[in-house]
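Visitor: Model the following, please.
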Amino acid sequence: MIDKPRLKKLLEECIKLETDAIALYAQKIEAPAFFQVFSPEDRERVQKALAALAEDARSHKGILEAVLAKVQGAEKNEF
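Guide: Numbers count the residues shown, from 1 in each chain. Okay, the predicted model is just below:
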């Protein structure tokens, strides 16, 4: 069992991590200098991978925000 305040704190930390990850992936995708070290073939693969990671992080963030909203609205104090 975990108490409500602790669960809320953990969810908020996870949301922040996903938010930070989205920003990092976006920063790298938009940084031409980052891709100069890659061959053209690898550059495309890396760009696609970063875009997929950013999309996954956005999805995770949305799920975590939905869970947090449910926890905040719940009447019980342990989960």
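Visitor: packing partners for the least confident helix or strand in the chain by mean pLDDT?
Guide: Ranked by mean pLDDT, DSSP states H and E, the weakest helix or strand in the chain is helix 32-35, scoring a mean of 91. Packing contacts for helix 32-35, counted by 3 or more C-beta pairs under 8 Å, 6 or more residues apart in numbering; DSSP states H and E, involve helix 40-73. C-betas here are computed from N, CA, C, even on glycine.
Visitor: Give the buried residues for the helix or strand harbouring residue 23.
Guide: In this structure, residue 23 sits in helix 4-29 according to DSSP states H and E. Within helix 4-29, the residues scored as buried using 16 or more other C-beta atoms under 10 Å are 7, 11, 14, 15, 18, 21, 22, 25, 29.
Visitor: Geometric centre of this protein: which residue is closest?
Guide: Centroid-nearest residue in the chain: residue 18, 2.1 Å away (criterion: C-alpha atoms, centre = their mean).
Visitor: now that residue: how far from residue 65?
Guide: Residue 18 is 9 Å from residue 65, where distance means C-beta to C-beta, to the nearest Å.
Visitor: Residue 77 too?
Guide: Residue 77 is 21 Å from residue 65, by C-beta to C-beta.
Visitor: Which one's more surrounded, the two?
Guide: Neighbours of residue 77 and residue 65, each counted by other C-beta atoms under 10 Å, are more numerous for residue 65; the result is 15 against 10.
Visitor: residue contacts, the closest residue to the more buried one other than its chain neighbours?
Guide: The spatially closest residue to residue 65, leaving aside those adjacent along the chain, is residue 15, at 6.1 Å (C-beta to C-beta, 6 or more residues apart in numbering). With contact set as C-beta atoms under 8 Å, 6 or more residues apart in numbering, residue 15 has these partners: 61, 64, 65, 68.
Visitor: Serialize these to TSV and add fields for distance to residue 3 and pLDDT.
Guide: Shown next, in TSV, are these (distance: C-beta to C-beta, whole Å; pLDDT from 0 to 100):
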residue	distance to residue 3	pLDDT
61	24	98
64	18	98
65	20	98
68	15	98
